[in-house]
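Engineer: Below is the sequence, then the predicted model.
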Amino acid sequence: MKRGKKLYVGKANTLYEVLLDDGTVAEEFLEMEATDRISAGDGAVTGVVEGKGYANNLVSTILFERFGNAGIPTHYLSRGTTPTSKFVYKAKMIPLEVIVRNYSAGSFCRRYGCKEGIKFEPEIVEMTFKDDKLHDPLIVEDAVVALKIADTYAVEGIRHYARRINEVAKEFFAELGLTLIDFKVEFGIAEGHGLVLADEFSQDTCRLHDANGKSVDKDIFRKGGATGEVSEVYNKLAKMLQEQQSY
């Protein structure tokens, strides 16, 4: 498969159509390229982080392959035409951000006035309505169904797979000496495949702490860190994975 024309430019990823060897468009596939763009505060603060696209795509690719091996349905098809891209199945995205929390951090602490670092057993699964203008408000499952954002079956599937994703991701990062604090994922409906994990799983979408409790993720940028500092931690994780996976 080959890359076709650019279809969509998001905050951190760009989507392209996919061409078959005979030049026709593969209607069921897209190529998703991770970029060095970074943003925070619903896009209010932006920047460019050298190497971020490669690091994010590497993390996401390895994890999506692990998720698939663990029986979690995803939109991932294969690695793409560049080291920063992957081929994926098209999916109609469900406008929800699904947040899984192993420890208290970020907006959870601001919302409830609690300290950071409280360990949750079992993990907490939250959902927000994905809308930057509304600042992604927290939404209860009854409202998800009542507003026809997703039906009851899909909501049950999302919760189930979110917890399974957490199990696999925690183990993956523990192998690297990192603790998965929390993460957010998105789901969609792919024709012929049903509910699938879509978008990405990367340092942009999760909080990770090293053995000293230091952030090795996008939180550095959110808290005002320089792009060079962010680049250093993203590229450090990529190097660790290259050594571990022989990529």
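Structural biologist: That came through fine.
Engineer: Can you give me the pLDDT of residue 41?
Structural biologist: Here, the pLDDT recorded for residue 41 equals 80.
Engineer: who touches residue 128 in this structure?
Structural biologist: With contact set as CB atoms under 8 Å, 6 or more residues apart in numbering, residue 128 has these partners: 96-97, 99, 136-139. Where C-beta positions appear, they are placed from N, C-alpha and C, glycine not excepted.
Engineer: Find the helix or strand that residue 240 is a member of.
Structural biologist: For residue 240, the element it lies in under DSSP states H and E is helix 227-245.
Engineer: which residues touch that helix?
Structural biologist: Around helix 227-245, the neighbours that count as contacts under CB under 8 Å, 6+ apart are 38, 47-52, 54-56, 58-59, 62, 175-176, 203, 208, 215-218, 220-221, 247.
Engineer: ok, now with 7 Å
Structural biologist: 38, 47-52, 54-55, 58-59, 62, 176, 203, 216, 220-221, 247 (CB atoms under 7 Å, 6 or more residues apart in numbering).
Engineer: Go through the contacts of residue 128 and say which is closest to residue 42.
Structural biologist: For residue 42, the nearest member of the contacts of residue 128 is residue 136. The distance, counting by CB to CB, is 7.5 Å.
Engineer: pretty sure residue 67 contacts residue 73?
Structural biologist: No - contact status for residue 67 versus residue 73: not in contact, 8.4 Å apart, counting by CB atoms under 7 Å.
Engineer: Torsion angles phi and psi at residue 26?
Structural biologist: phi -80, psi 100 (degrees, to the nearest 10).
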